[in-house]
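Engineer: Structure for this input, please:
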Amino acid sequence: MDINTDNQNKRHCAFCLKEIQGNEIKRCGKCQARAYCSRECQVDDWSGKGQNHKLWCDERVCEEDIDWDIRIAEGKGLGLFAKRDIPRYTKILVDKGYHSRKEVPQPLLESLMPHSGSLAAKWDFNNMYSSEGGENLGVRVSRLNHDCNNNATFKYIPDLKVFIIVSIVDIAKDQEITIQYQSFNDVSKDAKYRNVRLMILNEKWGIKCQADCVCRDKAVRLRIEKAHQVDKVIPSLLKFAENDIKAKLKVIDDNIEVIQELGGCPISLIRPYYDGFQIAILNQKTVPLSTKYIDKLIEYSEIINSKHSEEHKTFLKYKENPRNHRNYCLKNI
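Structural biologist: Okay, the predicted model is just below:
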């Protein structure tokens, strides 16, 4: 946790977000990339009060003012922009997730949109909801703008209490980094969700998808709905015979291909690869087929869940010994 001074151009303190420059800049002595205005802020960031940087220091997560910065986004206010070319599946940001309005340091909450809004209004406007973690707010995540043709994705990890932002395509220098606030191409969601999604985008954020938006494309919507119909029945078709399992794995493989063609991100691919694994291990004869699914599952999980999450650690246990999974060789029970 040594702190080194830095004479580079301006930076932002990773904890309090204060703009600093010259001798004011104190760098993490280990990664030499994360910047602070004081030792107190570093101690807070090193702990759970901030990012919990002790977990992420060795991973070379992108840093503000080095890999990305916040600029004016025309017609949107502020936004995140790449300061260098960022390859696909790069962790752009690991941001503390605050679980309630009272947890957010007031100066940070006051800095967010809407400018003239109350603290309650700022919380309501900027928090992101997930079924796993409920409502949470990331201060830097709040600067990311929505685009249905997004080049990054996000996930809140409840046990780590952070948002992880990952690029899903190569992002060029000076390109804006965008996410979907509500995903239109998640095949685990039904048509009703996709219709409500448009209303939520409009009512909460004032975002109106135009007629030519990809999320309104009838052919794309039809492919998503067909993939959803396949996705929703996969877990319920637990047939144990070898040929039945192989046929079901073929359905999963076909659906994975569709998800990838629809621009599916690591989050949307984790579920079908997990389904493939837990189905392949039902029968001793098909257990060897599970390898490709668990390998891809772990690959995508490390990208979006990170190796630190409990979910990822569980997947590693399944790879080490498939017998750890409740489905292992159920045919023989």
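Engineer: ok, now which ones touch Pro105?
Structural biologist: Listed by CB atoms under 8 Å, 6 or more residues apart in numbering, the contact partners of Pro105 are Cys16. Bear in mind the C-beta positions are built from the backbone N, C-alpha and C, glycine included.
Engineer: Now do the same for it: its pLDDT.
Structural biologist: On pLDDT, Pro105 comes in at 96.
Engineer: Kindly list the main-chain dihedrals of it?
Structural biologist: Taking degrees, to the nearest 10, you get phi -50, psi 130 for the backbone angles of Pro105.
Engineer: where's it relative to Leu17, distance?
Structural biologist: Note on Pro105: its distance to Leu17, by CB to CB, to the nearest Å, is 9 Å.
Engineer: Then Thr286?
Structural biologist: Thr286 is 52 Å from Leu17, by CB to CB.
Engineer: more crowded one of these two?
Structural biologist: Neighbour tally, Thr286 and Leu17, criterion other CB atoms under 10 Å: the higher count belongs to Thr286, 22 against 18.
Engineer: That one belongs to a helix?
Structural biologist: Yes. Assessed with DSSP: H, G, I helix; E, B strand; the rest coil, Thr286 lies in a helix.
Engineer: Tell me what Trp64 is bridged to.
Structural biologist: If you look again at residue 64, you'll see it is Glu, not Trp. Beta bridges link Glu64 to Trp68, judged by DSSP bridges.
Engineer: Based on its surroundings, how many neighbours for it?
Structural biologist: Residues near Glu64, counting by other CB under 10 Å: 21.
Engineer: Helices along the protein, start to end?
Structural biologist: Per DSSP state H, the chain carries helices over the ranges 39-46, 53-56, 106-110, 119-126, 191-205, 218-233, 242-261, 266-280, 290-304, 310-320.
Engineer: Can you get me a residue count around the residue nearest to Gln182 when sequence neighbours are not counted?
Structural biologist: Using CB to CB, 6 or more residues apart in numbering and skipping residues adjacent in sequence, the residue nearest Gln182 is Arg197, 4.3 Å away. By other CB under 10 Å, 19 other residues sit near Arg197.
Engineer: Contact partners for Arg197?
Structural biologist: Shown in contact with Arg197 (CB under 8 Å, 6+ apart): 182-184, 215.
Engineer: and which of those is nearest to Cys57?
Structural biologist: Set against Cys57, the nearest of those by CB to CB is Ser183 (30.7 Å).
Engineer: Near the closest one, how many other residues are there?
Structural biologist: With other CB under 10 Å as criterion, Ser183 counts 22.
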